[in-house]
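Q: Predicted model, plus sequence, below.
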Amino acid sequence: MTGAAFARIFGSRPQATEAVPGRVNLIGSHTDYNGGMVLPVALPLGVHVAMAPREGSAIRIHSARFGETVTYRPGESPRGHWADYAAGAALLAQTHGLLAGGADLWIESTLPVGAGISSSAAVIVGVLKAARQIRGADLSDTEIAGLARQVENDYIGVPCGIMDQMAVAIGSVDRAMALDTETLEFDLIDLPAALRVCVIHSGIDRALADGRYKLRAIECAQARRAFADRPLCRLRRTDIEAAGDVAEISRRRARHCSTEHQRVVAAIGALKSGDLQDLGRLITASHASLRDDFDISLPPIDRLVADAVRLGAFGARLTGGGFGGCVVACIARDLFESWLTRLLAAHPAARLIC
Ligand code: GLA
């Protein structure tokens, strides 16, 4: 984005610009709203946000991708439009005093939408960070992530956890973020140079707002009640298997959350000790749990994951909310090119994201 391009659309210069990455989650799916740990990494792709305050209270938003400018006013509901995320963030910034009045916003993104790599969290965090910059507000990145989650939960209506917002607000591309979503404590772990983390789109589009993510969140809440409102990730396998009158679906959802949390803890250990075989084994086991206990995979994605491993990845799995989108694979850097060529030849609908 150039100041001149911003000026052509809005007639003023931007007063703040922010670059926010997307993220891919190595392991820890659907644990972030169930009291568990996650292990995301920021991506080399992301969002640029430029902002200038303006008279009045309206929020004008321009997307470089769509070549379209739209206006939202305070109190306005989401429209099911690409601009809802930026608008929700700017309107929340107004109600929290982060924005004194209206704003002009320019959004430019290299992240594919609906791929499960946090394009929405990146836009929201970018807008909130730009408002913080202009206001000179004393707000930590963790607080920004909390506000960004509020936009998703309350404005957009997706009952997501806090992983995406924390990962894009704080994460970096060469370090994995071991985040405890209950306490928000985190540790940034260097990724070994020999490891190539790769994101491949399955060719199946998905949208978090399509209801199936929400359904899993409802099922997890039901499972939590069945287990006396204890965080599902903190249950132990024996609690789950021994409980008598728990519906089978609650048992399976709880088993995924609990075993997935344990796999994340083990994966953090494997990453710290450089045991990439073990890391890969845990990642692939995560996929099996998402497929068998959480029911969010699809047969073409199962085949993509199986082939990624068969052709030499340490491990692979579905990442993001589920029902399509991307697969994350961990592979030795020196094998990456030939592995990718063979994988994409076998899966013509799939494509490399990064
Ligand atoms: C989406 C949500 C996250 C998380 C993942 C699944 O990305 O936004 O909060 O629940 O799905 O792990």
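A: On my side now, so go ahead.

Q: how close does the residue in the stretch 201-350 of the chain that the ligand sits nearest to get to Met166?
A: The stretch 201-350 of the chain approaches the ligand most closely through Gly321 (3.7 Å), counting by CB to the nearest ligand atom. Yep, even glycine has a C-beta here, placed from its N, CA and C like the rest. Gly321 sits 16 Å away from Met166, going by CB to CB, to the nearest Å.

Q: So for these two, which residue has more residues nearby?
A: Neighbours per residue, other CB atoms under 10 Å: of Gly321 and Met166, the larger number sits with Met166, 28 against 24.

Q: So what touches the helix or strand where that one lies?
A: Taking DSSP states H and E as the definition, one finds Met166 inside helix 163-170. With contact meaning CB atoms under 8 Å, 6 or more residues apart in numbering, helix 163-170 is reached by 20-23, 25, 28, 32, 38, 40-42, 46, 118, 120-122, 124-125, 129, 141-142, 144-146, 148-149, 152, 177, 179, 181, 184, 186.

Q: what's the burial count for Ser119?
A: Neighbours around Ser119, by other CB under 10 Å: 23.

Q: typed the wrong thing, it's Glu241
A: Glu241 has 10 nearby residues by other CB under 10 Å.

Q: That one - that's part of a helix, no?
A: Yes - assessed by DSSP: H, G, I helix; E, B strand; the rest coil, Glu241 belongs to a helix.

Q: Who are the contact partners of it?
A: Arg251.

Q: got a pLDDT number for it?
A: As predicted, Glu241 sits at a pLDDT of 89.

Q: Could you report the distance from it to Ala254?
A: Counting by CB to CB, the gap from Glu241 to Ala254 is 10 Å.

Q: Kindly report the same for Arg224.
A: Relative to Ala254, Arg224 is positioned 8 Å away (CB to CB).

Q: now the helices: where do they sit in this protein?
A: Taking DSSP state H as the criterion, the chain carries its helices at 3-10, 84-95, 119-135, 141-150, 163-170, 212-226, 237-242, 248-273, 276-292, 299-310, 336-346.

Q: quick one, the longest one and helix 212-226 angle?
A: Using axes from the mean of the first three to the mean of the last three CA atoms, to 10 degrees, the inter-axis angle of helix 248-273 relative to helix 212-226 is 100 degrees.

Q: Could you do the first one as well?
A: Between helix 3-10 and helix 212-226, the angle formed by their directions is 90 degrees, by the same axes, to 10 degrees.

Q: likewise the fifth one?
A: Angle of helix 163-170 versus helix 212-226, following the same axes, to 10 degrees, is 110 degrees.

Q: least trustworthy helix or strand in the chain by mean pLDDT?
A: One helix or strand of the chain scores below all others by mean pLDDT, DSSP states H and E: helix 237-242, with a mean of 90.

Q: Now do the buried residues in that helix.
A: Ile240 (16 or more other CB atoms under 10 Å).

Q: how far does it sit from the chain's center?
A: Put simply, helix 237-242 sits 30 Å off its chain's centre (CA atoms, centre = their mean, to the nearest Å).

Q: export it as CSV, just CAs?
A: In CSV, the C-alpha atoms belonging to helix 237-242 read as follows (Å, rounded to 0.1, in the frame of the first residue of the first chain):
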residue,chain,number,x,y,z
ARG,A,237,-8.8,-40.6,29.5
THR,A,238,-9.9,-42.7,32.5
ASP,A,239,-12.5,-40.0,33.5
ILE,A,240,-13.9,-40.1,30.0
GLU,A,241,-14.0,-43.9,29.5
ALA,A,242,-15.2,-44.7,33.0
